[in-house]
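Visitor: below is the sequence, then the predicted model.
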Amino acid sequence: MTIEKLKEEVEDELENNILPFWMTRMVDKKNGGFYGRISGDGITYANAPKGAILNGRILWAFSAAYRVLKKDEYLRIATYAKQYITDHFVDKQYGGIYWSLNADGTPLDTKKQMYALGFVIYGMSEYARATGDKEALDCAVKLFHDIESHSFDKEKNGYLEATTRDWQEIEDMRLSAKDANEKKTMNTHLHILEPYTNLYRVWKDDTLKAQLGNLIDIFLDYILDKQTNHLNLFFDENWVSKYKIHSYGHDIEASWLLYEAGLVLGDEERMQRIKDVVPSIVGAASEGLMTDGGLIDEINITKERVIADKDWWVQCEAVIGFANLYQYYHDERGLEQCFNSWDFIKNHIIDRVGGEWFWSLKANGTTNVKDDKAGFWKCPYHNTRM
């Protein structure tokens with residue numbers, strides 16, 4: 001494998017498998033927007049709820065594809081996604097983004113999950129970056145102010161997970177059933193860091209700049225475990241974590257998103273702090289690598305449980321994270337593992353018959369066709385970004 005060959009193969013995969021799947025299989029011509037779910041065995045569920053995460057990620061993916069590849073068909077889908085979010089997901093009364101809609105576009109779950117607001121900022125800012133569209137930028141800026149007004153903890157720092165529709169406290173703050181019900185999480189902070197980075201590319205606001213710098217500090221001072229170089233996942237409002245979980249995909253993802261944030265922010269002191277820790281974070285993530293080139297999901301030390309499945313998104317982040325290590329640190333081992341991770345994806349994750357990618361290779365070595373091909377969490381985001 002060479003870098004040139006890798007570029008050729010991933011571009012072919014993007015343009016001839018990933019993006020066509022979403023353009024041809026997911027557009028809801030009856031109700032507008034995109035279907036809420038296609039199962040792992042390829043069945044379309046036209047009446048499935050429509051999730052904010054899925055729609056924000058579709059908007060980002062096709063906006064980014066248009067920005068890089070300049071093909072009108074990608075712009076059409078991006079514009080369609082932008083308009084659907086603006087018309088249906090944006091809460092016109094209280095601000096923010098609904099968590100989910102019914103299939104017909106009416107509100108279903110109206111809670112405000114900051115992770116969802118972050119992904120719509122990510123998508124809208126990318127659309128503005130690709131097209132110069134003012135409406136998209138204005139939407140992203142408004143959502144930034146919503147997060148800062150209703151989620152930022154001015155006393156103890158960081159961002160609280162969720163609120164009710166009208167920005168009041170909510171009992172269940174979990175992002176998904178897999179998560180601990182805590183007020184602050186690594187995952188939400190990572191996916192506020194990411195859209196804030198992208199928004200700063202197109203909107204050089206001083207408050208945004210300060211909060212992006214603060215997010216970097218939060219990762220380096222609170223979230224990164226100095227003993228293990230892994231990221232802790234769940235915290236109370238005082239930044240106390242009682243969970244010992246190593247999420248290898250999040251570790252490798254954070255390693256390059258932090259580096260990207262530092263580059264975009266342009267703060268030399270923070271950039272140096274990031275440069276000093278990234279190789280250690282990648283090293284910690286590498287503990288999850290298997291001999292077949294795949295990266296397992298996580299190990300829960302507290303519960304003495306290993307999740308040895310190899311999810312599609314974890315492999316995507318491995319490709320990027322190891323490529324980042326080679327690009328900026330000239331680490332030849334990073335490039336080798338980048339190639340190995342891509343080979344694992346080709347051998348086990350890409351669905352060459354049904355299109356798009358399988359959810360995972362299960363721990364027992366079989367392909368996971370039970371979990372979604374497209375849905376609340378299975379989106380053209382990790383693989384398009386890769």
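Guide: It's in.

Visitor: alpha carbons only for contacts and neighbour counts from here, please
Guide: Noted.

Visitor: helices along the stretch 151-300 of the chain, start to end?
Guide: Ranges of helices within the stretch 151-300 of the chain are 186-202, 206-218, 248-265, 268-285, based on DSSP state H, counting those that start in this stretch.

Visitor: secondary structure element for Arg76?
Guide: helix 72-84 (DSSP states H and E).

Visitor: helices or strands next to that helix in the packing?
Guide: Under the contact definition 3 or more Cα pairs under 8 Å, 6 or more residues apart in numbering; DSSP states H and E, helix 72-84 sits against helix 52-69, helix 114-131.

Visitor: could you find the closest non-adjacent residue to Leu233?
Guide: Spatial nearest neighbour of Leu233, excluding adjacent residues (Cα to Cα, 6 or more residues apart in numbering): Met186 at 4.8 Å.

Visitor: from Leu143, how far off is that neighbour?
Guide: 20 Å (Cα to Cα, to the nearest Å).

Visitor: go on, Glu4?
Guide: Taking Cα to Cα, one finds Glu4 at 39 Å from Leu143.

Visitor: more neighbours, these two?
Guide: For Glu4 versus Leu143, neighbours defined as other Cα atoms under 10 Å are more numerous around Leu143 (22 against 8).

Visitor: residues contacting that one?
Guide: Neighbouring residues of Leu143 by Cα atoms under 8 Å, 6 or more residues apart in numbering: Gly95, Gly96, Leu117, Gly118, Ile121.

Visitor: and those residues as CSV, adding pLDDT?
Guide: As requested, the contacts of Leu143 are exported to CSV (pLDDT from 0 to 100):
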residue, pLDDT
Gly95, 98
Gly96, 98
Leu117, 98
Gly118, 98
Ile121, 99
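
Visitor: mean neighbour count for the helices of the stretch 151-300 of the chain - can I get that in TSV?
Guide: Putting the helices of the stretch 151-300 of the chain into TSV (neighbours: other Cα atoms under 10 Å) gives the following:
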stretch	mean neighbour count
helix 186-202	22
helix 206-218	18
helix 248-265	23
helix 268-285	18
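
Visitor: of those helices, which is nearest Val306?
Guide: helix 248-265 (11.4 Å; Cα to Cα).

Visitor: now the closest one, how far from the centre of its chain.
Guide: Relative to the chain's own centre, helix 248-265 is displaced by 11 Å; criterion: Cα atoms, centre = their mean, to the nearest Å.

Visitor: who's in contact with that helix?
Guide: Residues contacting helix 248-265 (Cα under 8 Å, 6+ apart): 187, 190, 193-194, 197, 200-201, 209, 212-213, 216, 230-231, 270-271, 274-275, 278-279, 281-282, 284-288, 295-298, 313-315, 317-318, 320-322, 324.

Visitor: could you give the mean pLDDT of that helix?
Guide: Averaged across helix 248-265, pLDDT comes to 98.
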